[in-house]
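Participant: just need the structure, nothing else, for what follows:
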Amino acid sequence: MRVVDAFRQAYGEEPAGVWHAPGRVNLIGEHTDYNDGFVLPFAVPWGVTAAVSPREDLTVRISSLQAPGQEQVLEDVERAEGWARYPAGVVSTLRGAGLPVRGADIVIDGDVPKGAGLSSSAALEVSVGLALNDLYGLGLEPMELARLCQKAENDFVGMPCGIMDQAASALSREGHALFLDCRSLAGRAVPFDLSAYGMQILIINTGVHHELADGQYAMRRRDCENAAKHLGVPSLRDVTDLAAALSKLSGDERARTQHVVTENHRVEAVIGLLRAGAVQEIGALLNASHLSLRDQYQVSCPELDVAVEGAVKGGARGARMTGGGFGGSAIALVADDRVDRVRSTVEQAYAERGWAAPTFLPATPAAGARRVR
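Facilitator: Take a look at the predicted model:
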């Protein structure tokens, strides 16, 4: 295991253990998590692996195989920079919660495509968080750990994400999607074995890398909070009469509300179809989700739109952008015998516009975070 070799080389000893946390794809339920809504993600086969040993002092040493020569030695974790803010933020947040976390030596290895919208940051947080939970006997349940990792990203990194990414990484089960109520934090595994139906989810990574901390994500969240305030409800999840709500709103707040309320309905509809074995029929809901994200939530971009349109033109049952938006990836529900055609159609559409070809990754629902050594 190369992360173990790197740990030995960096610190001259074996790590106390190795932990893995996956990235995620969100099948449907986008930008609903921070509105107390419903989401349906699943873990992907790519993730972050952390080799970790505890220390007697409070120093945290962090290095990554993806950032050679950039080890950070932190006597004060608040001084972390760049990518190291994510694991350092987890240490800081655990300590801030009164948990007995001393220092650690940490080496990271990841294969989640960065900027693809597959939650490499959550995988990094959860892998380190799970390691510290085990090494220091913190006794945190997976959802508690996910919440603390989310808090680290919110407060330490400054990214106002919802709970979905960390929960998907911490709680997912192989062969299942995770239906998560983001208010109660109740999670339920939903069987999602597409191979039994001769189908697959194809991830289309546009190669356009988003940086959500630029304020766009925060603006959307603020729009939703303001809309809920104007409607007199705790969150947009509580809107029961959409037409009446829309009549009281205008502009961005109206558009954001329409997306969030209808997206929650789409999540519930997809779960109903999956339970009924009507897998092919979820495609229309994926298409509707993308149009809503494009037109009402306004978080798509030309590269995502062309990927979705090309996939459907090539024979996908449905497709949509996934993740925060402003770049990253789209997903397509594709029959196994249509994959090559979908790929070639999307590639041709990109070539016609002079864009670099996207990359394609078949995604099968993987297991959640766990100790691997």
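
Participant: SS state for the residue nearest to residue 111 when sequence neighbours are not counted?
Facilitator: Nearest non-adjacent residue to residue 111, counting by CB to CB, 6 or more residues apart in numbering: residue 46, 4.7 Å away. Any C-beta I mention is one placed from the backbone N, CA and C, and that applies to glycine too. Per DSSP: H, G, I helix; E, B strand; the rest coil, the local secondary structure of residue 46 is strand.

Participant: so who does residue 46 touch?
Facilitator: Residue 46 sits next to 22-23, 110-113, 118, 361 when contact means CB atoms under 8 Å, 6 or more residues apart in numbering.

Participant: buried only: go through the residues you listed for me.
Facilitator: Listed as buried from the contacts of residue 46 are 22-23, 110, 112-113, 118, 361; burial here means 16 or more other CB atoms under 10 Å.

Participant: what is the neighbour count of residue 158?
Facilitator: By the criterion of other CB atoms under 10 Å, residue 158 has 11 neighbours.

Participant: in contact with the closest residue to residue 325 other than its chain neighbours, which residues?
Facilitator: Computed as CB to CB, 6+ apart, the closest residue to residue 325 that is not its neighbour in sequence is residue 299, at 2.9 Å. By CB under 8 Å, 6+ apart, the contact list for residue 299 reads 31, 216, 220, 293, 321, 324-326.

Participant: who wins on neighbours among those residues?
Facilitator: When neighbours are counted by other CB under 10 Å, residue 321 leads the contacts of residue 299 with 31 neighbours.

Participant: ok, what's across the strand from that residue?
Facilitator: Beta bridges link residue 321 to residue 330, judged by DSSP bridges.

Participant: state the pLDDT value of it.
Facilitator: Note on residue 321: pLDDT of 97.

Participant: next one: residue 41
Facilitator: Looking at residue 41, its pLDDT is 98.

Participant: continuing past the helix or strand containing it, what's the next helix or strand?
Facilitator: Residue 41 is located in strand 38-54, with elements delineated by DSSP states H and E. From strand 38-54 onward toward the C-terminus, using DSSP H and E, the following helix or strand is strand 60-64.

Participant: in its sheet, what does the helix or strand that that following strand is followed by sit against?
Facilitator: With elements assigned by DSSP H and E, the helix or strand that comes after strand 60-64 is strand 72-74. Applying DSSP bridges, strand 72-74 is found paired with strand 60-64 (antiparallel).

Participant: check contacts around residue 263.
Facilitator: By CB under 8 Å, 6+ apart, the contact list for residue 263 reads 28-32, 37, 289, 292.

Participant: report the rounded mean pLDDT for the helix or strand where it lies.
Facilitator: Residue 263 belongs to helix 251-275 when assigned by DSSP H and E. For helix 251-275, mean pLDDT rounds to 98.

Participant: can you point out the buried residues in that helix?
Facilitator: Buried-residue list, helix 251-275, by 16+ other CB under 10 Å: 252-261, 263-264, 266-267, 269-271, 273-274.

Participant: what does stretch 61-74 give?
Facilitator: Under 16+ other CB under 10 Å, the buried positions of stretch 61-74 are 61-64, 72, 74.

Participant: can you check stretch 99-108 too?
Facilitator: Of the residues in stretch 99-108, 99, 101-108 count as buried by neighbour count, 16+ other CB under 10 Å.

Participant: again, but for stretch 280-297
Facilitator: 281-283, 285-290, 292-294, 296-297.

Participant: and for residue 276, the neighbour number?
Facilitator: 9.

Participant: low-confidence ranges, the protein, go.
Facilitator: Applying pLDDT under 70 to the predicted model, the residue ranges of the chain that meet it are 114-115, 210-214.

Participant: before we move on, the earlier item: could you measure the residue nearest to residue 111 against residue 173, distance?
Facilitator: 17 Å (CB to CB, to the nearest Å).

Participant: ok, residue 372 next?
Facilitator: Using CB to CB, we find residue 372 at a distance of 16 Å from residue 173.

Participant: the two: which is more packed in?
Facilitator: residue 173 (18 against 14).

Participant: so that one touches residue 369, yeah?
Facilitator: No - with contacts counted by CB atoms under 8 Å, residue 173 stays clear of residue 369, the gap being 11.4 Å.

Participant: can you give me the helices for the stretch 201-350 of the chain?
Facilitator: Secondary structure of the stretch 201-350 of the chain by DSSP state H, counting those that start in this stretch: the helices cover 216-231, 242-247, 251-275, 282-295, 302-313, 339-352.

Participant: ok so, going back, filter the buried residues of stretch 99-108 down to the ones in strands?
Facilitator: Here DSSP state E is the test, and the buried residues of stretch 99-108 give 104-108 as lying in strands.
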